[in-house]
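Engineer: here is a sequence together with a model predicted from it:
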Amino acid sequence: MLPIPADIFTEPEDVSPDALANLGPLRRLAGTWQADKGIDINPKAEGPERRTFIERVRMDPIDPQANGPQLFYGLRYHIHINTPEEDITFHDQVGYWLWEPATGLIMQTLAIPRGQVLLASGKAAPDDKKISVTAKRGDTAYGICSTDFLEQAFRTDSYRCDITFNDDGSWTYLIQTELFVRGAPFNHHDTNTLQLIAPPKLNPLAVIANDRAKGGGGSGTAA
């Protein structure tokens, strides 16, 4: 992390409206993705369970975000997962992927509707073909927060997400969460390779800027 500047209030002026052009290593994640052969290893009373799942991921560019002088470009994402044998949602997750061009910081926020959130971080160069983010329970900067039940029954001690961008345009992830289940450690992990099924749309500010450049008056909206 760079030293905190004396002026923590003034926002940068040289902000590009085009998020897609400024996402650095996250640019390859933008769009809508799908795969039907994901693998999940999760804890059950009888021992580890292996499940195959169907996954759909949508990642939409957002407008630039500033914390005073700190500037992020990012993606808002939604992950929906089903299994071939069940109709009910197997996993639902929302959050953001963020990139700070000035430092190479990448971040992932994660929220799931079973009472857990986290903020994970890593570093990467704009053209890196692999990125990783991590979070640890108890860390006040990049940590994990869970309900009382999850803390006692399925405590999450650490999280790591490794993403590899493949030459064919797909990307592969490996997510590992180190759990503590009934007094014993457990490595809960998921992996999948996702294929693009729809290109990304422009962020709202980029749509407005493009409309103005074409003489549209700035009333455009992003779908």
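Structural biologist: Good, I have the coordinates.
Engineer: just for the chain, where's the confidence low?
Structural biologist: The model of the chain has pLDDT under 70 over residues 1-2, 216-223.
Engineer: top strand in it by residue count?
Structural biologist: Longest strand in the chain, counting residues (DSSP state E): strand 47-67.
Engineer: output the contacting helices and strands for the next helix or strand after that strand.
Structural biologist: Once strand 47-67 ends, the next helix or strand along the chain (criterion: DSSP states H and E) is strand 70-83. On a contact count with 3 or more C-beta pairs under 8 Å, 6 or more residues apart in numbering; DSSP states H and E, strand 70-83 meets strand 47-67, strand 86-100. Quick note: C-beta positions are derived from backbone N, CA and C, even for glycine.
Engineer: which residues of the chain fall in strands?
Structural biologist: Listed in chain order, the strands of the chain (DSSP E) span 31-44, 47-67, 70-83, 86-100, 105-112, 116-123, 130-137, 143-146, 154-165, 171-181, 184-198.
Engineer: roughly how far does Lys214 sit from Leu202?
Structural biologist: 13 Å (C-beta to C-beta, to the nearest Å).
Engineer: which one of the two is surrounded by more residues?
Structural biologist: Set side by side, Lys214 and Leu202 show more neighbours around Leu202, with 19 against 9, by other C-beta atoms under 10 Å.
Engineer: which residues touch the more buried one?
Structural biologist: Neighbouring residues of Leu202 by C-beta atoms under 8 Å, 6 or more residues apart in numbering: Asp18, Ala19, Leu20, Pro61, Asn210, Ala222.
Engineer: which ones among these lie within helices?
Structural biologist: Asn210 (DSSP state H).
Engineer: excluding chain neighbours, what is closest to Glu11?
Structural biologist: Using C-beta to C-beta, 6 or more residues apart in numbering and skipping residues adjacent in sequence, the residue nearest Glu11 is Ala66, 4.4 Å away.
Engineer: how many residues are close by that neighbour?
Structural biologist: Using other C-beta under 10 Å, Ala66 has 12 neighbouring residues.
Engineer: in this structure it contacts Thr10, no?
Structural biologist: No. Under the criterion of C-beta atoms under 8 Å, Ala66 is not in contact with Thr10, lying 9.6 Å apart.
Engineer: how about Glu86: which residues does it bridge to?
Structural biologist: Counting by DSSP bridges, Glu86 forms beta bridges with Thr83.
Engineer: so it versus Arg56, what's the distance?
Structural biologist: Going from Glu86 to Arg56 by C-beta to C-beta gives 16 Å.
Engineer: nothing else from me, thank you.
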